[in-house]
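Asker: Okay, predicted coordinates and the sequence, questions at the end:
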Amino acid sequence: MKVRIVTMFVLGLSSLFLQAQSFPYTITLEPFTISGLPGLHSFVAGHDAGKWLLIGGRTDGMHRGGGGPNNPAFPVVNNNTTIYVVDPVAQQVWSASLTSLPTALQEQLQSTNMNFYQDGNWLYVAGGYGYSATAGDHVTYDKLTAIHVPNLITHIINGTSITGDFLQTTHSGMQAAGGALGKIGNTFYLFGGIDFQGRYIMGGNGGGATGSMQYTDEIRTFEIVNDGSSLSITNYTVYSNAAEYHRRDFNLVPQIFPGDVYGYMWSSGVFKAPNDEVYFNPIEITASGITVIPESTFMQKYANYHSSKMALYDSGTQDMYSIFFGGIAQFYLDGNGNEVEDTNVPFVKTISLVSRDQSGVYAESVFSTEMPTYLGAGSEFFREESIVEYATGIIDMTQLPATTPFTVGYIYGGIESTVANSFPNNTAATSAGATIYRVKFDLTAMPVELTDFYLWAEDKADCAKERITLRWHTASEQNTRHFVIERGRFGNFTPIAVIEAVGNSQTEQVYTYEDTQLEDGMMYYRLKIVDEDGSFSYSSIRSIQVCKNGRITISPNPTQGNVFITGLNVTGTTLELTDAKGRTWPVRVSHTNNGLVLDLANLPVGVYLLQLDNDWTERIIKQ
């Protein structure tokens, strides 16, 4: 099957650059507490008319009890058996016990790591892990529960019966914990997670646990029939991928993809078999299909575990922004701005940003503001009621208030830790957070007034001699320490040089740098502008095509699913995939991250030849 590529994706002229992905706001966190609101983590969150609904989760820390045979984790006494309603503006809290509900509802709704999604007035809750008195053991529930949020909030505030605010059904496809629930069109998606039957005890297998732990390795799609009095599931379908869907405790972030297409970014997560490693690569999900972004082209380093997150879209520039607050990650920046990798995957204070521009190019950066302590894992973000959404779960940046600073939302709950590495031997250092953090945006006050930043190529005719010159101009500088030049392939940037700043100036200053350590394909550059007090901000990203006539690259190869092709101008080209017997195979092609993704997941194991316009051939091994 020949696939004709009809859109321009890779910039073909070395003089062109891309300006995008420079986030215009700084972040401030203002802590406060509300009397009567305890610490919770890994709970279900709903909202209506500025009030929050909190259900389930835990009141202790991370696997508190240590998980030893004589002190097992997930003790029943720390199940959250109370439903809370919170007004963050009036700073009031109301509550109701689960005990008035039928046993099946009580048991599921006091579990942890349930999968949830609010669709209008209805909050849908699938699965969850916890102790079941009915089963006499810890289980992962096979229930889907629908909760009428406005009615439940009203009844809890008024102290009246809540029993009529719930519907529940049983379905084996809901049996998952630590995954995520989403919706595109009329279809619900249950992503990943685990089915854990039995008590979590340290020292076993599958992420340090005994009992029966089975990753779903699936995306499950279905429709929900809810007539207000009964609940059922129809059109249930399963999509399996043991290599890429073997994830739990990740972030699922609503997205607007190029072409104004709504979907999700399945962000990071744990644990990759067989060595219990972190997944660094995202997966893109839309109604038209699923695209796995290869780790070789983009790694999300600074947020690898479920945490509070915020999605924002700028329809003017068509840039998508996803902000992650603290949590757990394998990488972080130390006090000097140096990247540190810790394979123990510690708690971090990082507030990070993953951006994607109108061409589908990813980039990751961090804010100079950090979380006040090690917290964020298992917390939730609540949008300020007056902040306008572009689409469900996505803030419309063009409608943000003109006057700054302003409150964009709140962070509540999550696991707090006094140390970075508390698992598995120091879980007593963790607790459930009761603090609420008011999240405010202010316009970025850069230590310099950057008027120009541009690139050009020298000796373009000779790939071996080609070099890139960077030049930037400042109209003024105030207490500026230096500029860090960061270079990236795809979305991951690495410092390549530090240029000292004049520091304080009210006249134009001009800086240049020449980069000779080039690779074929598209190169990206940005400036990290560092102030004397250590705070920093980023310039917009610039990109340039290096060695326009250079080689085409394909990765990963061998592959178990997708392959990523870079280094070609895709306008008007054709691709053909054949096997060793000369048979042509159909292949799904997606444009993303400034290249092409070929989905080979459904092809038989073997050796294939990929031919481009009859004059370039690459061997691909499907494992």
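Answerer: Done, it's in.
Asker: any idea of the mean pLDDT for stretch 271-289?
Answerer: Stretch 271-289 carries an average pLDDT of 92.
Asker: which parts of it are buried?
Answerer: For stretch 271-289, burial by neighbour count (16 or more other CB atoms under 10 Å) applies to 271-272, 278-286. Quick note: C-beta positions are derived from backbone N, CA and C, even for glycine.
Asker: got the residues you listed as a markdown table, with secondary structure and distance to residue 565 columns?
Answerer: Shown next, in a markdown table, are the buried residues of stretch 271-289 (DSSP: H, G, I helix; E, B strand; the rest coil; distance: CB to CB, whole Å):
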| residue | secondary structure | distance to residue 565 |
| --- | --- | --- |
| 271 | strand | 29 |
| 272 | strand | 24 |
| 278 | strand | 25 |
| 279 | coil | 22 |
| 280 | coil | 20 |
| 281 | coil | 16 |
| 282 | coil | 18 |
| 283 | strand | 18 |
| 284 | strand | 16 |
| 285 | strand | 21 |
| 286 | strand | 20 |
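Asker: for the chain, longest helix please?
Answerer: The longest helix of the chain (DSSP state H) is helix 149-158.
Asker: Confidence-wise, which helix or strand of this structure is lowest on average?
Answerer: Lowest mean confidence among the helices and strands of the chain (mean pLDDT, DSSP states H and E): strand 2-4, at a mean of 31.
Asker: Please name the strands paired to the next helix or strand along the chain from that one in the sheet, noting orientation.
Answerer: As assigned by DSSP states H and E, the chain's next helix or strand after strand 2-4 is strand 25-32. Counting by DSSP bridges, the strands paired with strand 25-32 are strand 436-443 (antiparallel).
Asker: Contacts made by the strand it pairs with with the rest, please.
Answerer: 24-34, 37, 88, 310, 325, 381, 400, 404-412 (CB atoms under 8 Å, 6 or more residues apart in numbering).
Asker: Check stretch 152-166 too.
Answerer: Identification of contacts with stretch 152-166 by CB under 8 Å, 6+ apart yields 48-49, 51, 53, 83, 85, 94-96, 100-102, 105, 145-148, 151.
Asker: One more pass at 6 Å, please.
Answerer: Applying CB atoms under 6 Å, 6 or more residues apart in numbering, the contact partners of stretch 152-166 are 48, 51, 53, 85, 94, 96, 100, 105, 147-148, 151.
Asker: how about it: buried residues?
Answerer: Quick answer for stretch 152-166 (16+ other CB under 10 Å): 152-156, 162, 165-166.
Asker: Any idea how far apart the tips of it sit?
Answerer: Taking CA to CA, to the nearest Å, stretch 152-166 runs 9 Å from one end to the other.
Asker: Same check on stretch 586-595?
Answerer: Length of stretch 586-595, first residue to last, CA to CA: 19 Å.
Asker: next one: stretch 97-114
Answerer: 18 Å.
Asker: What average pLDDT does that stretch get?
Answerer: Averaged across stretch 97-114, pLDDT comes to 97.
Asker: Check stretch 565-585 too.
Answerer: Mean predicted confidence for stretch 565-585 is 67.
Asker: can you check stretch 588-602 too?
Answerer: For stretch 588-602, the mean pLDDT works out to 75.
Asker: now it, how far from the chain's geometric center?
Answerer: 20 Å (CA atoms, centre = their mean, to the nearest Å).
Asker: what do you get for stretch 419-438?
Answerer: Taking mean C-alpha positions (CA atoms, centre = their mean), stretch 419-438 and its chain are 21 Å apart.
Asker: Just to be sure, residue 99 is in a helix?
Answerer: Yes: counting by DSSP: H, G, I helix; E, B strand; the rest coil, residue 99 is part of a helix.
Asker: Leaving out sequence neighbours, find the closest residue to it.
Answerer: Among residues not flanking residue 99 along the chain, residue 106 sits closest, at 6.7 Å (CB to CB, 6 or more residues apart in numbering).
Asker: Tell me which residues are up against the helix or strand containing that neighbour.
Answerer: In this assignment (DSSP H and E), residue 106 forms part of helix 103-109. Here helix 103-109 makes contact (CB under 6 Å, 6+ apart) with 55-56, 98, 128, 132, 141, 143, 166, 168.
Asker: now whatever helix or strand comes next after that helix against helix 149-158, angle please.
Answerer: Using DSSP H and E, the helix or strand that follows helix 103-109 in sequence is strand 115-119. Counting by axes from the mean of the first three to the mean of the last three CA atoms, to 10 degrees, strand 115-119 lies at 100 degrees to helix 149-158.
Asker: mind listing what's buried in strand 115-119?
Answerer: 115-118.
Asker: by contact count, what packs against it?
Answerer: In terms of contacts (3 or more CB pairs under 6 Å, 6 or more residues apart in numbering; DSSP states H and E), strand 115-119 is packed against strand 122-126, strand 180-184.
Asker: same thing but at 8 Å, please
Answerer: Counting contacts by 3 or more CB pairs under 8 Å, 6 or more residues apart in numbering; DSSP states H and E, strand 115-119 packs against strand 44-48, strand 122-126, strand 180-184.
Asker: from the chain's centre, how far out does it sit?
Answerer: Using CA atoms, centre = their mean, the distance between the centre of strand 115-119 and that of its chain works out at 17 Å.
Asker: what residues does it touch?
Answerer: Residues outside strand 115-119 that contact it (CB under 8 Å, 6+ apart) are 44-47, 123-128, 149, 176-177, 179-183, 188, 190, 193.
Asker: Within its sheet, name the partner strands of that strand and how each one runs.
Answerer: Note on strand 115-119: by DSSP bridges, its sheet partners are strand 122-126 (antiparallel).
Asker: what's downstream of the strand it pairs with, the next helix or strand?
Answerer: Following strand 122-126 in sequence, per DSSP H and E, is strand 129-132.
Asker: which of the residues in that next one are buried?
Answerer: Quick answer for strand 129-132 (16+ other CB under 10 Å): 129-132.
Asker: do the same with stretch 499-514
Answerer: 501, 505, 509, 511, 513.
Asker: Contacts for it, please.
Answerer: For stretch 499-514, the surrounding residues in contact (CB under 8 Å, 6+ apart) are 448, 451, 458, 467-483, 485, 497, 532.
Asker: Thought residue 132 was touching residue 139, still the case?
Answerer: Yes: counting by CB atoms under 8 Å, a contact exists between residue 139 and residue 132, whose distance comes to 4.8 Å.
Asker: Residue 536 pairs with what?
Answerer: residue 530.
Asker: how close does it get to residue 367?
Answerer: Look at residue 536 and residue 367: by CB to CB, to the nearest Å, they are 9 Å apart.
Asker: The two: who's more crowded?
Answerer: Using other CB atoms under 10 Å, the more surrounded residue of residue 536 and residue 367 is residue 536, with 22 against 19.
Asker: which ones are touching the more buried one?
Answerer: Taking CB under 8 Å, 6+ apart, one finds 337, 368, 528-530 in contact with residue 536.
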